[in-house]
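Engineer: no FASTA, just this:
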């Protein structure tokens with residue numbers, strides 16, 4: 001079985017000094033390697049092919065038989081690393097908290113501990129006949145986030 005740390009070192013050496021970053025890396029017991037990368041400017045098929053060839057050049061097929069898949073982080077996939085939050089600043093996201101509550105809003109800040117969002121709430125003021133929408137700033141700690149996804153709207 002291939003050692004995940006060896007594959008991780010190979011990928012890190014390729015990505016070092018580039019605009020790309022590692023989103024996820026999996027090595028299964030049957031030597032199936034899955035590498036997911038991203039960048040602030042997106043990933044092309046050529047980027048995936050180049051990294052795949054680089055990884056293949058560093059591994060020995062005679063010693064280990066493996067299956068290799070290099071892909072970009074999917075648009076509908078949950079965020080896995082901090083850089084994905086940074087990439088999507090100013091965009092609409094959906095956060096599922098560990099308590100099971102969904103929060104939808106605009107991502108407006110990211111720290112190593114938490115994210116800040118602008119959400120829209122509907123309230124009814126005392127004495128008013130109609131409800132009105134207001135915007136509220138909230139902060140959610142990464143400890144309280146189960147998943148975060150980018151919301152894609154086609155208008």
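Structural biologist: Cool, got the structure. Note that this is a predicted model, so its numbers are computed, not measured.
Engineer: pull the distance from the helix ranked longest in the chain to the chain's centre.
Structural biologist: In the chain, taking DSSP state H as the definition, the longest helix is helix 45-58. Taking C-alpha atoms, centre = their mean, to the nearest Å, one finds helix 45-58 lying 21 Å from the centre of the chain it belongs to.
Engineer: next, the buried residues of it.
Structural biologist: 47, 48, 51, 52, 55 (16 or more other C-beta atoms under 10 Å). The way it works is simple: take the backbone N, C-alpha and C, and place the C-beta from them, glycine included.
Engineer: show the end-to-end separation of stretch 36-52, please.
Structural biologist: Taking C-alpha to C-alpha, to the nearest Å, the first and last residues of stretch 36-52 lie 11 Å apart.
Engineer: what average pLDDT does that stretch get?
Structural biologist: For stretch 36-52, the mean per-residue pLDDT is 94.
Engineer: what residues does it touch?
Structural biologist: 11, 14-15, 18-25, 35, 68, 70-73, 80, 83-84, 86-87 (C-beta atoms under 8 Å, 6 or more residues apart in numbering).
Engineer: give the buried subset of the residues you listed as a ChimeraX selection command.
Structural biologist: The following ChimeraX line selects those of the contacts of stretch 36-52 that are buried, judged by 16+ other C-beta under 10 Å:
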select :11,14,15,20,21,22,23,25,35,68,70,71,72,73,83,84,87
